[in-house]
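[1] This is a predicted model, with the sequence first.
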Amino acid sequence: MHNNFLQPTSKPPRLFVLPLRSLSHKKGATVWLRLSKALDFIMNIDEKLAKEYFVLQGYGSLVFEPDGNCPPDFSISSRVGIEVRRLNKNHTKNGKRVGLEQESTPIVDCINSSLKSFGKVKGLSCYLGIISLKRPFPTIKKVKLAVKENVESFLKNPTSSVYTFDIGGSLIVKLAEASDDHEFTFEVGAITDFDLGGWVVPGVLENIRLCIAEKTEKIQPYLNNYSEWWLLLVDHIGYGRNGVEISNSTIRPKEWNKIIVIDPVSKSAYEI
């Protein structure tokens, strides 16, 4: 066996990512393709981005979840443990910290699916739903019913003017005529989350400290399993901007040999 392949442990990893230079022959390339597709299927979007980042940085030998469903998310050569975390804005709900998008995504998906359920209305222009939202949200059931009733009301007297309706005082939906044709007559076109406002740098600093503290506590029982620990944060607040200021204002705990912040759009990164 090639000496760069990672050896199985007593707790076998869920999947291997093989060293790129070991895939020069056809069989190896086929194995790589199958494993890569399987990995993409079970990883979340931030873990996929982390995998791409480390491969592009030349770390060809990665193992995803080497010790099963516990830290780390990845390992490199059985020496480095890597944890991955989305850097996002949080709020407290029932005493627990919750990412803002964890609550907004189901609501937006509900509105979009409800709008699309009207299909393609013959002889009518297409309309984009402009959503403004602020917590707390009404129930999914209430949202679905409100969208249905308001769109049905709109269809009785269609207009090219913006049609606005309110759901529970925390959601405002504006139907604006689209400039071009779409597959569905109604669908979501834009979202404004008022709870995501505020100056970017303080928001990143506050939440980066929360994320580091959370992950530092999580790896404590496993620290001795790896020579080094790295933390990769996928920045969904500042998108990698103001790296120097944020790095200079953040203390890296002794448990972490590297803390990397990556922009999910440009894939650029900086270290803390």
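    Cool, the structure landed.
[2] tell me which element Ile172 is part of?
    strand 171-177 (DSSP states H and E).
[3] C-terminal to that strand, what's the next element?
    Counting by DSSP H and E, what follows strand 171-177 is strand 186-193.
[4] Next, the angle from that following strand to strand 171-177.
    130 degrees (axes from the mean of the first three to the mean of the last three C-alpha atoms, to 10 degrees).
[5] Sheet partners, orientation included, of the strand holding Ile172?
    Applying DSSP bridges, strand 171-177 is found paired with strand 127-133 (antiparallel), strand 163-167 (antiparallel).
[6] Need the contact partners of it.
    107, 111, 125-134, 137-138, 143, 147, 150-151, 154, 160, 162-167, 186, 189 (C-beta atoms under 8 Å, 6 or more residues apart in numbering). To be clear about C-beta, it is placed using only N, CA and C from the backbone, and glycine gets the same treatment.
[7] Now do the buried residues in it.
    For strand 171-177, the neighbour count (16 or more other C-beta atoms under 10 Å) marks Leu171, Val173, Lys174, Leu175, Ala176 as buried.
[8] what's the distance between Ile212 and Leu115?
    From Ile212 across to Leu115, the span is 39 Å (C-beta to C-beta, to the nearest Å).
[9] any chance you could map the strands in the stretch 1-150 of the chain?
    In the stretch 1-150 of the chain, the strands defined using DSSP state E, counting those that start in this stretch lie at 15-17, 62-64, 74-76, 80-87, 90-93, 96-99, 127-133.
[10] hmm, back to that, for PyMOL, what selects the buried ones among the contacts of strand 171-177?
    If you want just the buried ones from the contacts of strand 171-177 in PyMOL, going by 16+ other C-beta under 10 Å, the selection is:
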select buried, resi 107+111+126+127+128+129+130+131+132+133+137+143+147+150+151+154+163+165+167+186+189
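[11] dump the residue contacts of Phe118.
    So Phe118 contacts Val151, Leu155, Phe184, Thr185, Phe186 (C-beta under 8 Å, 6+ apart).
[12] quick revisit: using JSON lines, lay out the strands paired with strand 171-177 together with distance to Ser227.
    Shown next, in JSON lines, are the strands paired with strand 171-177 (distance: least, C-beta to C-beta, whole Å):
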{"stretch": "strand 127-133", "distance to Ser227": "45"}
{"stretch": "strand 163-167", "distance to Ser227": "53"}
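[13] Mind checking those strands for the one nearest to Ser266?
    strand 127-133 (26.3 Å; C-beta to C-beta).
[14] so where's the stretch 101-250 of the chain uncertain?
    101-102, 194-200 (pLDDT under 70).
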